[in-house]
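1. Sequence unavailable; structure follows:
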DNA sequence: CTGATGTTTCAGAAAATACTGAAATAACAG
DNA sequence: CTGTTATTTCAGTATTTTCTGAAACATCAG
């Protein structure tokens, strides 16, 4: 592996972490290399840089393509395939979110949906089904929210995240204003749930 | 595996999905079983229900304990260990978030931090370091936000999520109000970034 | 202490996954 | 069509991970 020190460290780390992230060493290293590279690379160059066999790189790239994590680029007067990772970390993150959801969440969601349509026969299954319902509703809430958030542009998202827990206060403020407007004469007393918006009652799951 | 149909389906699904989630079949099935069970179970019962060897169950439980995903319970007049999964899906999710972060994010963050302190020697590494900086700042933003959000109670979180993209409008509204208050005479014209809060300038990464 | 019961460790078998080199396939230039 | 270059597939090998049974360890009652 003939990479300069920083690049090398980065690439090796991604290879190591691969197992925790559910990808293999090859795929992790290839992606890391493409991520830090200034230019797009072809399979030969990748194999050379990482000391992997050409075929292993081919499979790794295929895997990355199936995740939509790399762009395939063609240079003029060169019929080799060149690959690169998107510049924008946000777009990488979005892709990752979409793909992971497709593979790791959706199958579970549909399994749960099916199970919830069944009529449980024994007591054990009655309880099990109730537990599945809790899980289903939770995942549904999260994914719906994710869909919502995915539709925002990165700048907006950054601002919202930087606000962090502060949004909460804002929501509470809106509630107070709304109350003040609907019942002008009365002073707002204790607010039971500060985050309740009024139009979307906080149904605690 | 002598489980009633629904429970069985759920348990088998978690076993299958295990590989995608980075856990093994045994651990997945054990957790699923504990999750749907009405009562806490001991290792013997788990091994029996899932047809795993007693030692395999022992290791699986140890793994789940290291993830803080199961509670260890002792019954009166019984010195066997009983295990159960927390009732509340939100608390499960929080635990999962904390633990995954510890294992999957923090090591990368610290590797990046180290790499950013180095002085790159070659051109390639200058570019690589710039890319690492982008990644570092992105991850830092996400994790800081996560910390913030983790501190809210579940009810608040549900409300916020149900609002979804609506929060955005609220933030925009706050901006307009603020502008109106600080410069009373002027009408607000085109707002470049609707989500900008004023007090936390939207620094697009 | 002794025996009964419960839990963990660990070496090796079994299974799954990753990786390679060789062969097949594809795409193109002349 | 033929030769050259790029890419993929695939069967077999190597490596890693999972899983088991046996043994070691722990805890407690009598």
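-> Nice, thanks for sending it over. Owing to the predicted nature of the structure, the values given are computational and were not obtained by experimental measurement.

2. any idea which helix or strand comes after the helix or strand in which residue A:95 is found?
-> Applying DSSP states H and E as the criterion places residue A:95 in helix A:89-100. As assigned by DSSP H and E, the chain's next helix or strand after helix A:89-100 is helix A:106-117.

3. Any part of that next one near chain B?
-> Yes - using CB under 8 Å from any CB of the partner chain, helix A:106-117 comes into contact with chain B via A:107, A:108, A:111, A:115. Yep, even glycine has a C-beta here, placed from its N, CA and C like the rest.

4. Low-confidence ranges, chain A, go.
-> Scanning chain A for pLDDT under 70 picks out the ranges A:184-205.

5. Where do the helices of it begin and end?
-> Listed in chain order, the helices found in chain A under DSSP state H are A:5-21, A:25-36, A:43-50, A:54-66, A:89-100, A:106-117, A:123-150, A:154-163, A:166-182.

6. circling back to that earlier point, which of the residues of helix A:106-117 next to chain B has the most neighbours?
-> The residue in these with the most neighbours, by other CB atoms under 10 Å in any protein chain shown, is residue A:115 (21 neighbours).

7. Next up, the contacts around it.
-> When contacts are counted by CB atoms under 8 Å, 6 or more residues apart in numbering or on different chains, residue A:115 is found next to A:129, A:132, B:6, B:9, B:10.

8. And it, how close does it get to DNA strand C?
-> As defined by CB to the nearest atom of the strand, to the nearest Å, residue A:115 lies at a distance of 24 Å from DNA strand C.

9. now do residue A:64
-> 13 Å.

10. If we ignore the residues flanking it in sequence, what's nearest that residue?
-> The spatially closest residue to residue A:64, leaving aside those adjacent along the chain, is residue A:70, at 4.6 Å (CB to CB, 6 or more residues apart in numbering or on different chains).

11. ok, that neighbour - how many residues close by?
-> Using other CB under 10 Å, residue A:70 has 21 neighbouring residues.

12. who's in contact with residue A:149?
-> Counting by CB under 8 Å, 6+ apart, residue A:149 makes contact with A:157, B:164, B:165.

13. Check the gap between residue A:137 and residue A:146 for me.
-> Computed as CB to CB, to the nearest Å, the residue A:137 to residue A:146 distance reads 15 Å.

14. same check, this time on residue A:118
-> Shown here: residue A:118 relative to residue A:146, a distance of 27 Å by CB to CB.

15. Then residue A:77?
-> Taking CB to CB as the measure, residue A:77 falls 43 Å from residue A:146.

16. who's more crowded, those two?
-> Between residue A:77 and residue A:146, counted using other CB under 10 Å, residue A:146 has the larger neighbour count: 16 against 5.

17. My read is that that one contacts residue A:101, right?
-> Yes - shown here, residue A:146 and residue A:101 form a contact pair, counting by CB atoms under 8 Å, at 7.2 Å.

18. Within range of DNA strand C, give me the residues from chain A.
-> A:24, A:25, A:26, A:51, A:52, A:53, A:54, A:55, A:56, A:59, A:79 (CB under 7 Å from any atom of the strand).

19. now, among those residues, which is nearest to chain B?
-> Set against chain B, the nearest of those by CB to the nearest CB is residue A:24 (12.0 Å).

20. what residues are up against the nearest residue to residue A:7 once chain neighbours are set aside?
-> Distances taken as CB to CB, 6+ apart place residue B:128 nearest to residue A:7, at 4.4 Å, with adjacent residues excluded. Counting by CB under 8 Å, 6+ apart, residue B:128 touches A:4, A:6, A:7, A:10, A:36, A:37, B:120.

21. Distance-wise, check residue B:128 relative to residue B:118.
-> As defined by CB to CB, residue B:128 lies at a distance of 10 Å from residue B:118.

22. Which neighbours do those two have in common?
-> Jointly contacting residue B:128 and residue B:118 under the rule CB under 8 Å, 6+ apart are residue A:6.
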